[in-house]
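> Could you look at this predicted model? Sequence included:
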Amino acid sequence: MQNFFDFTGKVVLVTGASSGIGRATAEFFGACGAKVAVTYLKNQAGADAAVAAIAGANVGRGMASGADGNTVSDSIETMGGRAFAVQADVTKNSEIERMVKEVENNLGAIDVLVNNAGSLVERLRTAELTEERWDEVFALNVKSAFFAAQAVIPKMLEKGAGVIVNVTSIAGRNGGALGSIHYAAAKGAMTTMTKGLAKEFAAQGIRVNGVSPGVIDTPFHETFSTPEAMANFKNMIPMGRVGTSEEVARVIAFLASDAAAYLCGETIEINGGMLMD
């Protein structure tokens with residue numbers, strides 16, 4: 001029987017991969033044999049730990065300069081996998097382009113892009129929400145995903161194959177909890193963008209899909225949700241518990257695998273039954 005989770009030889013780029021869903025996704029792809037690019041903004045320690053976990057060894061690493069003079073983490077490799085960490089501010093297109101070039105130079109052309117970078121930044125009610133914060137949240141969640149896709153698609157078109165998975169949120173479907181209208185709107189835009197990209201590139205061998213996590217036990221909720229709010233969320237979930245990053249990572253890997261070869265433009269809800277279509 002074919003092992004659909006064998007990603008040996010595939011190059012996978014995961015944005016926002018230093019913690020939470022992104023890190024779990026990067027580590028899962030690494031465990032499946034992929035060459036993984038772990039990107040981060042500020043949390044270098046988390047990115048370095050993910051790289052070490054993927055390589056199957058907890059080793060110290062120095063720093064090296066990339067081809068353009070930017071500082072990047074050395075890659076390490078064992079029989080268990082290969083990983084490479086690179087810092088980038090994905091709200092800036094120039095940084096995205098530099099990031100993709102660094103990954104291509106170190107690992108090869110990207111086969112799978114996971115657009116995971118994103119954040120609520122802060123909870124704000126409508127009267128408190130500024131233009132600057134609105135733009136920041138949209139840049140971090142939507143703009144970053146679009147221009148990362150734009151940067152990797154040319155090489156995917158050359159190969160006639162590629163996968164893009166966008167990480168949205170249940171907030172994009174239900175409007176989010178109080179104080180997250182900017183985040184919910186951005187995640188809703190990601191879901192729509194997923195469909196648009198899928199329609200444009202499906203016939204050329206590029207599959208674009210999304211995952212929409214519900215309440216997942218990640219640093220996101222440690223930052224933005226009180227213990228009382230988490231307890232209320234849990235009471236709304238038919239399965240009676242919050243999800244884990246690893247559970248989301250496995251769905252992302254499924255969408256990137258040949259097992260999902262006929263899935264196109266879909267966004268899979270993974271929320272323990274909190275929201276059902």
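Arrived safely. Residues are numbered from 1 along each chain as shown.
> Can you pull out the low-pLDDT segments for the protein?
Counting by pLDDT under 70, the chain contains low-confidence residues at 57-81, 222.
> Could you report the neighbour count for Glu132?
When neighbours are counted by other C-beta atoms under 10 Å, Glu132 registers 8. Where you see a C-beta, it was placed from the backbone N, CA and C, and this is true even at glycine.
> Please apply the same query to Leu157.
14.
> Hmm, it is touching Ala203, no?
No: using C-beta atoms under 8 Å as the test, Leu157 is too far from Ala203 to be in contact (11.1 Å).
> What does Val38 show for phi and psi?
Dihedral angles of Val38 (phi, psi; degrees, to the nearest 10) stand at phi -100, psi 110.
> which residues does it form a beta bridge with?
For Val38, the beta-bridge partners under DSSP bridges are Val14, Ala85.
> ok, now which ones touch it?
14, 17-18, 23, 26, 47, 50-51, 54, 83-86 (C-beta atoms under 8 Å, 6 or more residues apart in numbering).
> now do 6 Å
17, 26, 47, 50-51, 83, 85 (C-beta atoms under 6 Å, 6 or more residues apart in numbering).
> which stretches of the stretch 51-200 of the chain form strands?
63-65, 71-73, 76-78, 81-87, 112-115, 162-167 (DSSP state E, counting those that start in this stretch).
> Residues touching the longest one, excluding its own?
Residues outside strand 81-87 that contact it (C-beta under 6 Å, 6+ apart) are 30, 35-40, 47, 51, 54-55, 72-73, 75, 99, 102, 106-107.
> ok, now stretch 176-195?
120, 123-125, 129, 134, 137-138, 141-142, 145, 166, 168-169, 171-172, 175, 208, 210, 265, 267.
> Run a quick check on Val251 versus Ile270, I expect a contact.
Yes: shown here, Val251 and Ile270 form a contact pair, counting by C-beta atoms under 6 Å, at 5.4 Å.
> Mutual contacts of the two, please.
Val211.
> Would you mind checking the contacts of strand 81-87 for buried ones?
30, 35-40, 47, 51, 54-55, 72-73, 75, 99, 102, 106-107 (16 or more other C-beta atoms under 10 Å).
> where does the spatially most central residue of the chain sit relative to Val12, distance-wise?
Closest to where the C-alpha atoms of the chain average out (C-alpha atoms, centre = their mean) is Asn116, at 2.0 Å. From Asn116 over to Val12 the distance is 11 Å, taken as C-beta to C-beta, to the nearest Å.
> Ok, Ser19 next?
Distance from Ser19 to Val12, by C-beta to C-beta: 17 Å.
> Looking at these two, which one has more neighbours?
Val12 (30 against 20).
> so the more buried one is in which element?
strand 11-14 (DSSP states H and E).
> Show me the buried ones among the contacts of strand 81-87 that map onto helices.
Counting by DSSP state H, the buried ones among the contacts of strand 81-87 place 30, 47, 51, 54-55, 99, 102, 106 in helices.
> Any chance of a markdown table for the residues you listed, columns distance to Glu247?
As requested, those are exported to a markdown table (distance: C-beta to C-beta, whole Å):
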| residue | distance to Glu247 |
| --- | --- |
| Gly30 | 17 |
| Ala47 | 22 |
| Val51 | 22 |
| Ile54 | 19 |
| Ala55 | 24 |
| Met99 | 27 |
| Glu102 | 30 |
| Asn106 | 30 |
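> so which two of these are the farthest from each other?
Ala55 and Met99 (20.2 Å; C-beta to C-beta).
> Identify the residues contacting stretch 242-254?
Outside stretch 242-254, the residues touching it (C-beta under 6 Å, 6+ apart) are 20-21, 24-25, 28, 114, 165, 211, 213, 215-218, 260, 268, 270, 272.
> For it, list every residue counted as buried.
Of the residues in stretch 242-254, those buried (16+ other C-beta under 10 Å) are 242-243, 245, 247-249, 251-254.
> got it, and stretch 156-168?
Quick answer for stretch 156-168 (16+ other C-beta under 10 Å): 156, 162-168.
> which one among those residues gets closest to Phe233?
Thr168 (17.5 Å).
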